[in-house]
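J.: Sequence unavailable; structure follows:
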């Protein structure tokens, strides 16, 4: 990831994940590991082995999230963005065959497991930045290029 920007909603979700892991999941798993260790022979103890591995996974994710949250810069909505596609915008594109593509331009940390979110580093988002409704764009990838018309730009839910 080479872009350290995130929407306020994305930042809150990562912070919530960190809090959930650190304050709820880790203490629960730690208790299970302590209980399993108290039973004696750990080499044959499946509860101990599994939960000890789970504890390592949680610790690894917690370390990553803490470092990542420190590095990220939250980009707030600004009324100056209205009318143009910038970070945080919902953009709807339409092609000559009337196919539509709707997505939100977000940071790379926000796209995983989400439909309709495009990283600010993606070809489609890069070409949309700074454009207005009615502008024609060409999205080029290694395999092809395609023409689209910007049908709408919306900052729904991001106004303060």
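T.: Here it is on my side, so go on. This one's a predicted model, so the numbers in the text were calculated from it and none came from an experiment.
J.: Only C-alpha atoms from now on, for both contacts and neighbour counts.
T.: OK.
J.: Which residues are in contact with residue 119?
T.: 105-108, 110-111, 125 (CA atoms under 8 Å, 6 or more residues apart in numbering).
J.: Return the subset of the residues you listed lying in strands.
T.: Here DSSP state E is the test, and the contacts of residue 119 give 105-106 as lying in strands.
J.: Taking the contacts of residue 119 together, which two end up most distant?
T.: 110 and 125 (13.8 Å; CA to CA).
J.: As a check, name the ranges of all strands in this protein.
T.: Under DSSP E, the chain gives strands at 5-6, 73-74, 90-94, 100-106, 117-119, 136-140, 145-154.
J.: From residue 140, how far off is residue 114?
T.: Separation of residue 114 from residue 140 (CA to CA, to the nearest Å): 22 Å.
J.: ok, back up a step: between the strands of the chain, which gets nearest to residue 32?
T.: strand 5-6 (35.5 Å).
J.: what helices or strands is the closest one leaning on?
T.: Helices and strands touching strand 5-6, by 3 or more CA pairs under 8 Å, 6 or more residues apart in numbering; DSSP states H and E, are strand 73-74.
J.: go with 10 Å
T.: strand 73-74, strand 100-106 (3 or more CA pairs under 10 Å, 6 or more residues apart in numbering; DSSP states H and E).
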